[in-house]
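Chemist: My questions are about this predicted structure, shown below with the sequence.
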Amino acid sequence: MVFVWWVIFARDRRNLPGRRTAVIIFGTLALVAVFTTLVGGDGTGYLLRLSVVMLIAFWAFGGGAGEELFDVAVWAFGDRWGFDIGLAADMALGSLGRIEDDIILTRHAIAMKGTTGLVRSLVPLGVSVVMVQIRRAGCQAKTLAVRGYHSGGTYLPRFNHGKEDFVAFIGSIVIILALLGTFVRYL
């Protein structure tokens, strides 16, 4: 049901990952599914469910969802808590977007040094990305402090919606109710 919902309502499929990223992500899911099957679990079901979750995640977070998360957080939790939650979500998604650029630059630097081997290049890559993110977080914290941010704020959420959004909403509610029904029967 969720996959059908994605096919119908994911109008902007450009947010899907590139081939290399898709192979890594879905290959990892497939590998875990194989091991799950080998130990007697439902590896096929795992692979199908998580693949759909990944497709929806790429679609939802690939199109500038940071602003939408900020809007939803302020709408749902108000100017104090919602503003803080939305700001944290926006900053986190911004960091995730910059991590990809950092990885590309670090890989180029490692290639220029001539380092070979997965382990030899993986450790410097990880350390470099973590250190850059820590530095950026410190700069963001200092900027917020210098500007006098303490907590909360005033923000008026704006949502762009069309007629098809109502149908998508109803479809998602039907899926949630179906899942709750399955969960209740499981108990």
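Modeler: All right, it came through fine. Numbering: from 1, shown residues only.

Chemist: I'd like to know how far the residue sitting furthest away from the middle of the chain sits from Gly94.
Modeler: The outermost residue of the chain relative to its centre, with distances by Cα atoms, centre = their mean, is Gly114 at 32.5 Å. According to Cβ to Cβ, to the nearest Å, Gly114 and Gly94 sit 33 Å apart. (C-beta placed from N, C-alpha, C; glycine too.)

Chemist: What of Ser128?
Modeler: From Ser128 to Gly94 the distance is 19 Å (Cβ to Cβ).

Chemist: higher neighbour count, those two?
Modeler: Under the neighbour definition other Cβ atoms under 10 Å, Ser128 and Gly94 were set side by side, and Ser128 has more, 17 against 13.

Chemist: Can you list the buried residues in the one helix or strand that one maps to?
Modeler: Element membership for Ser128 (DSSP states H and E) is helix 118-146. Residues 121, 125, 128-129, 132, 136 are the ones in helix 118-146 that count as buried (16 or more other Cβ atoms under 10 Å).

Chemist: do the same with stretch 84-94
Modeler: Quick answer for stretch 84-94 (16+ other Cβ under 10 Å): 84-87, 89-91, 93.

Chemist: taking the mean pLDDT, what do you get for the helix holding Ser128?
Modeler: Mean pLDDT, helix 118-146: 78.

Chemist: other SSEs contacting that helix?
Modeler: Secondary-structure packing of helix 118-146 (3 or more Cβ pairs under 8 Å, 6 or more residues apart in numbering; DSSP states H and E): helix 83-113.

Chemist: list the helices and strands the helix it packs on packs on?
Modeler: Counting by 3+ Cβ pairs under 8 Å, 6+ apart, helix 83-113 packs on helix 65-77, helix 118-146.

Chemist: Any idea how far the shortest one is from the middle of the chain?
Modeler: With Cα atoms, centre = their mean, to the nearest Å as the basis, the distance from the averaged C-alpha position of helix 65-77 to the chain average is 15 Å.

Chemist: Ok, stretch 128-137 next?
Modeler: Worked out by Cα atoms, centre = their mean, stretch 128-137 lies 19 Å from the chain centre.

Chemist: Is Gly153 in a helix, a strand, or coil?
Modeler: Three-state assignment for Gly153 (DSSP: H, G, I helix; E, B strand; the rest coil): coil.

Chemist: Verify the contact between it and Gly82 for me.
Modeler: No: taking contacts as Cβ atoms under 8 Å, Gly153 lies outside contact range of Gly82: 9.4 Å.
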